[in-house]
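Participant: using only what follows, build the 3D model:
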Amino acid sequence: MCRQSATVCLVKPPSREHRELPGAAARLAVLPDPRDRRGRRHTLASVLLTAACAVLAGARSYLAIGQWARHAPQDTLSRLGFHARGPLGVRRPASPSTVRRVLVLVCPGGLADLLGHDPAGTESVAVDGKTARGSRTETAPAAHLLSAVTAAGRTVSQLRVPDKTNEITAFTALLSPFDLTGAVVTADALHTQREHAKWLVEKKNAHYLMVVKGNQPKLHAALKALPWKEVTARRYDREAGHGRRETRSVRTLTVTGLGLDFPYLVQAVKIHRHRTDLKTGKVTRQTVHAITDMTSSEASPQLIGRIARSQWGIEAVHHVRDVTFAEDASKIRTGHGPENMATLRNLAINTLRDTGHRGIAAGLREVSYAPFTRPLDLLGLPLTCNGR
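Facilitator: Numbering: from 1, shown residues only. I've put the predicted structure just below:
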């Protein structure tokens, strides 16, 4: 099912022909085609693979995707699954208008799930939202996208938060399709909700690590009042990089029996960050309180600190989409276009990181040197395709 509030579409089972396709093409082939059956010249998988490869080569818009396709040689179009037509057997790519129409209409929940990264067996999954600022119109707010990202920086899935609501309503819908057994789900203070905690522990057999701020005033006050100076379970980490030096301390305290009103709460956490800008000398300090259902034997201060950093790591993915892909400057606004383009950017980031690129900008430059072969190789498309 496509997990969208206003759209319900059935994901069809793969046919025998589709099961023989390579991984990315096979996953795309099971998506329902939103176009009218009359007048279709290209398969949905071919159009979406074209968009995915073009974004991997640096394309940022529908027009850029169409330009990449127009300059693609015949062997590239064959690998993408475009059919040979006419007496000369010429393959013609999808036009920019076709690319635009497909990305505006195709089921965004299904596309995000099929191109996402399986979280099974991962240590933690971070949940956070991001607004595509350039998608705002005079009559509609900007698209707000809620994402789930593993500790390794791979996007699992993404959903657009329905207008006139907030991220809280999309939390369970985002994570429900996935096996989270044993994983620690981290989230910022907005998602520190009792129902979320119950759902994670009871329905998903997962753990939680949630930040507590002023939106939970009584709980926040109770955490601040705990005897943190007497805590012996603590961890210190120091590191330097990116023009700054940072010291972090993590303290954990078992609070069962203290009357703190939150489902399955076992440990309270206090994280203090002390950061010095090496260029300006400016010093900043930040203290964060959090809660978890994990016991002290399951989660030491060292593990808590590592998992907490994975929540901050989701911001790095959002930063890459903004800076490297210029997402906030994108004027794609219509239909499902904003979330589907964001999904293709997530796919590009996942793919580059899976192939060893730590720097996404450098990875895109390397791909751009062979724009009509390298993206297809990274997505695992064979040298010959069934789309003759």
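Participant: grab the nearest non-local neighbour of the residue nearest to the spatial centre of the chain.
Facilitator: Centre of the chain computed as the mean C-alpha position; nearest residue by C-alpha atoms, centre = their mean is residue 155, 3.2 Å away. Nearest non-adjacent residue to residue 155, counting by C-beta to C-beta, 6 or more residues apart in numbering: residue 346, 4.0 Å away. All C-beta spots, glycine's among them, are computed from the backbone N, C-alpha and C.
Participant: same question, residue 315
Facilitator: Excluding the flanking residues, the one nearest residue 315 by C-beta to C-beta, 6+ apart is residue 128, at 7.2 Å.
Participant: which residues touch the residue nearest to the centre of the chain?
Facilitator: 116, 117, 147, 148, 149, 317, 346, 347, 349, 350 (C-beta atoms under 8 Å, 6 or more residues apart in numbering).
Participant: report the beta-bridge partner residues of it.
Facilitator: Listed beta-bridge partners, residue 155: residue 149 (assigned using DSSP bridges).
Participant: tell me how many other residues surround residue 59.
Facilitator: The local packing count at residue 59 equals 26, with neighbours defined by other C-beta atoms under 10 Å.
Participant: for it, which residues are in contact?
Facilitator: Each residue near residue 59 by C-beta under 8 Å, 6+ apart is listed here: 51, 65, 67, 68.
Participant: show me what contacts the second one?
Facilitator: When the contact criterion is C-beta under 8 Å, 6+ apart, the partners of residue 65 are 50, 51, 54, 55, 59, 96, 99.
Participant: list the contacts of the strand or helix carrying residue 126.
Facilitator: In this structure, residue 126 is located in strand 124-132 according to DSSP states H and E. Applying C-beta under 8 Å, 6+ apart, the set of residues contacting strand 124-132 from outside is 119, 142-151, 156, 161, 167, 171, 174-175, 180, 183-188, 191, 209, 307, 310-311, 313-315, 318, 321, 327-328, 330, 338-339, 342.
Participant: mind running it again at 6 Å?
Facilitator: Judged by C-beta atoms under 6 Å, 6 or more residues apart in numbering, the contacts made with strand 124-132 from elsewhere in the structure are 119, 142-146, 148-151, 167, 183-187, 307, 310-311, 314, 318, 327, 338.
Participant: Three-state assignment for residue 147, please.
Facilitator: strand (DSSP: H, G, I helix; E, B strand; the rest coil).
Participant: next one: residue 252
Facilitator: Secondary structure assignment for residue 252 (three-state DSSP): strand.
Participant: compare the contacts of residue 155 and tell me which is most surrounded.
Facilitator: Within those, residue 149 tops the neighbour count with 31 neighbours, counted by other C-beta under 10 Å.
Participant: would you agree it is in contact with residue 314?
Facilitator: Yes. Using C-beta atoms under 6 Å, residue 149 is in contact with residue 314, at 4.5 Å.
Participant: list the contacts for residue 245?
Facilitator: residue 276.
Participant: neighbouring strands - and their directions - for the helix or strand hosting it?
Facilitator: Under the criterion DSSP H and E, the helix or strand holding residue 245 is strand 244-254. The sheet places strand 244-254 alongside strand 234-241 (antiparallel), strand 267-277 (antiparallel), with pairing taken from DSSP bridges.
Participant: in it, what's buried?
Facilitator: For strand 244-254, the neighbour count (16 or more other C-beta atoms under 10 Å) marks 248, 249, 250, 251, 252, 253 as buried.
Participant: who are the neighbours in contact with the fifth one?
Facilitator: If I follow you right, that is residue 252. Taking C-beta under 6 Å, 6+ apart as the definition of contact, the neighbours of residue 252 are 233, 267, 269, 301, 304.
Participant: which of these count as buried?
Facilitator: Among those, those scoring as buried are 267, 269, 301, 304 (criterion: 16+ other C-beta under 10 Å).
Participant: contacting residues for residue 234?
Facilitator: Contacts of residue 234 were listed using C-beta under 6 Å, 6+ apart, and they are 251, 301.
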